[in-house]
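Colleague: I'll drop the sequence and a predicted model, then ask my questions.
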Amino acid sequence: MIGSKTAASLMAIAAMVSLSSCQTPSTTAASRSPRVSSSETAALSHPNIVIILADDMGWRDVGYHGSEIKTPNIDALAAKGVILDRYYAQPTCSPTRSALMTGHAPMRLGMVQPLSKIAPTGLPLSEKLLPQYLKEANYQTVMTGKWHLGGRQRAYLPNERGFDQFYGYLNGGIGYWDHVHGGGLDWQRNGKTLREEGYSTDLLADQAIKLVRGRDKSRPLMLYAAFGAPHLPNEAPESAIAQYADIKNPHRRVHAAMVTELDSAIGRLVETLKSEGMLDNTIIWFMSDNGGLIASPPPSFTVLGQQIAKMEAAAGTKLTPRFMEFLRVNNTEGGSDNMPLKGAKATVYEGAARVPSFVYWQGKLSPKTSAQMITAQDVLPTLLQGAGLKVPTRLDGRSLWPALTKAKALPVSDYVIQATKGLGQDEAYYRYPWKLVRIDGAPEALYNVEQDPSEKTDLAQSRPELVKTLSAALTAFPRGPSVQVSMKDAILDPDFFGGKEDRAPWADTVLGPPPSED
Ligand SMILES: [Ca+2]
């Protein structure tokens, strides 16, 4: 078998992409509905839950982390909420989404890399997902945005996994205007392909707002707003890009515009929650799904040649020009900024996993910055406790809700991350504040990420016993069978984000019985 490790490396090198283009915006503001009294929602048995997920937003992509990017809506909400200064996602999309939805470590589930569009399965069907827990408590469960947990069989789709409503796309990334992923239109509502005009960030916000306004007011609402920004391709309205004319790097300039568009969308959504009288009974959790993508320094021709030869040998096929273009885009067009953290998306350094996040609940959570380490696998149990629901036992994550409500540090589960930026499977193991970094071919490194957030000082030589302990724990960590495709398949049909359609829409090629009529 071609090493899933090497397949993984390509998928992750590849985890992103498309050709940059700048087009005109098409923003449609949804019409306002009459104000609803706050007593209406306060009468609900449990609070509403809104998860706002950004895609590939780096540490210094938000204003409140000192970015040059303007995010006034995000900043205002963060300032009134509990800023999670040590929130950790996974280094790439599908692993983080797996942890969010299940409360389990993605490695246990075999979800260790971004899922290819041609992967036949996805997040194991044996898992119970967050919306399924919430439906048991009479929640309405709606999702807008990017799924990326399985899109080839109906049983893996959001509508089959606990969401009453789904509007968005199944795969890793789409063009912001063409809504295409890997040669197929990837835009749908509840399994039915949609051909809509518009900038995806705006469309997703419009739909989230519509679902909030149209909710059943007698039941609590769970909204999973999984925005696609600021993931590649770098595409934003000209008017948004014009705000950043002073940013010289063209990729950073468009990236900044994409983030500001996302911020505006979040502002509109929060304003809707406010006008609907929901804010005092709604937990809002904002987070990025992984660290930012940054441009890699170009390798020398010698190194590049060696890397290509190694990939081709591992995959058993030549790299195609199309795949080379895919690698070029992913390695050169990232416009994020993770400083002062080391590394970026698809590495196992802090810049890949430590991301912006905060929880806001008007009148219930006092504004503060929390130093509590909290991870993507803790979100499910933490939210369930916050909503007054039973917290399942035997999850990898644990509820850290008391750390949000009180100034109290709680122990966090050991945390494993994995990524495939190189040609092997890189991994890191956190036993906070310690972090063991294992990168294929190199000696294991040890960092104290509390004291050394930039991972400058490798303490492995001075703490050999600790290295041994953490290394054994990492080796012993349960590993589910990978659900990823082979490296050869990934090379022959790369996951371009945006571009021309060369096949049927993804929603039309899902295997299984058709969805019932709305
Ligand atoms: Ca992502």
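Modeller: In hand now; what should we look at?

Colleague: near the ion, which residues of the stretch 401-518 of the chain show up?
Modeller: Contact residues, the stretch 401-518 of the chain versus the ion (CB under 5 Å from the ion): none. For glycine as for every other residue, the C-beta is placed from the backbone atoms N, C-alpha and C.

Colleague: phi, psi of the closest residue to the ion within the stretch 401-518 of the chain?
Modeller: Relative to the ion, the nearest point of the stretch 401-518 of the chain is residue 497 (11.2 Å; CB to the ion). Phi and psi for residue 497, reported as degrees, to the nearest 10, are phi -100, psi 110.

Colleague: number of residues surrounding it?
Modeller: Burial of residue 497 is recorded as 28 neighbouring residues (other CB atoms under 10 Å).

Colleague: what does residue 475 give?
Modeller: 11.

Colleague: tell me where the stretch 301-450 of the chain has strands.
Modeller: 357-360, 368-375, 415-419, 426-431, 434-438, 445-448 (DSSP state E, counting those that start in this stretch).

Colleague: the residue of the stretch 401-518 of the chain closest to the ion contacts residue 173, doesn't it?
Modeller: Yes. Here residue 497 reaches residue 173: they are 3.7 Å apart, a contact under CB atoms under 8 Å.

Colleague: model confidence for the residue of the stretch 401-518 of the chain closest to the ion, exactly?
Modeller: Note on residue 497: pLDDT of 97.

Colleague: how about low-confidence regions in the stretch 51-200 of the chain?
Modeller: Regions of the stretch 51-200 of the chain meeting the criterion pLDDT under 70 are absent.

Colleague: which bits of it sit near the ion?
Modeller: Residues of the stretch 51-200 of the chain lying close to the ion by CB under 5 Å from the ion are 55, 56, 93.

Colleague: which helix in the protein has the most residues?
Modeller: Assignment by DSSP state H gives helix 250-275 as the longest helix of the chain.

Colleague: quick check, the residue in the protein closest to the ion?
Modeller: Closest to the ion within the chain is residue 93: 3.8 Å, counting by CB to the ion.

Colleague: if I pick that residue, what's in contact with it?
Modeller: Residues near residue 93 by CB atoms under 8 Å, 6 or more residues apart in numbering: 15, 55, 56, 114, 115, 146, 148, 172, 289, 290.

Colleague: please repeat the previous calculation with a cut-off of 7 Å.
Modeller: 15, 55, 114, 148, 172, 289, 290 (CB atoms under 7 Å, 6 or more residues apart in numbering).

Colleague: okay, now the closest residue to residue 153 other than its chain neighbours: neighbour count?
Modeller: The shortest distance from residue 153 to any non-neighbouring residue, by CB to CB, 6 or more residues apart in numbering, is to residue 511 (4.9 Å). Neighbourhood size, residue 511 [other CB under 10 Å]: 10.

Colleague: ditto for residue 250
Modeller: 14.

Colleague: what segments of the stretch 101-250 of the chain are strands?
Modeller: For the stretch 101-250 of the chain, the strands defined by DSSP E, counting those that start in this stretch occupy 140-146, 165-169, 180-181, 184-185, 188-189, 192-193, 221-226.

Colleague: hang on, residue 50 in a strand?
Modeller: Yes. Read with DSSP: H, G, I helix; E, B strand; the rest coil, residue 50 is one of the residues of a strand.

Colleague: tell me how far it lies from residue 406.
Modeller: Distance, residue 50 to residue 406, using CB to CB, to the nearest Å: 23 Å.

Colleague: between those two, which one's more packed in?
Modeller: Taking other CB under 10 Å, residue 50 and residue 406 do not tie; residue 50 has more neighbours (22 against 10).

Colleague: what residues are bridge-paired with that one?
Modeller: Under DSSP bridges, the beta-bridge partners of residue 50 are residue 223, residue 284.

Colleague: picking that back up, and the longest helix of the chain, what does it pack against?
Modeller: For helix 250-275, the packing partners by 3 or more CB pairs under 7 Å, 6 or more residues apart in numbering; DSSP states H and E come out as helix 72-79, helix 200-213, helix 238-242.

Colleague: what does the first one contact?
Modeller: Applying CB under 7 Å, 6+ apart, the contact partners of helix 72-79 are 62-64, 263-264, 266-267, 270, 284, 286, 358, 360, 367.

Colleague: most surrounded residue in those?
Modeller: residue 358 leads those on contacts (other CB under 10 Å) with 28 neighbours.

Colleague: count of neighbours near residue 67?
Modeller: Using other CB under 10 Å, residue 67 is surrounded by 20 other residues.

Colleague: quick one: secondary structure of the closest residue to it other than its chain neighbours?
Modeller: Spatially, and ignoring its direct neighbours in sequence, residue 67 is nearest to residue 60 (4.8 Å; CB to CB, 6+ apart). Following three-state DSSP, residue 60 is assigned to helix.

Colleague: so who does residue 60 touch?
Modeller: 66, 67, 337, 338, 339.

Colleague: again, 8 Å this time
Modeller: Contacts of residue 60 (CB under 8 Å, 6+ apart): 66, 67, 292, 337, 338, 339.

Colleague: turn the helices and strands packed on helix 250-275 into JSON lines, including mean neighbour count.
Modeller: Below are the helices and strands packed on helix 250-275 laid out as JSON lines (neighbours: other CB atoms under 10 Å):
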{"stretch": "helix 72-79", "mean neighbour count": "19"}
{"stretch": "helix 200-213", "mean neighbour count": "24"}
{"stretch": "helix 238-242", "mean neighbour count": "16"}
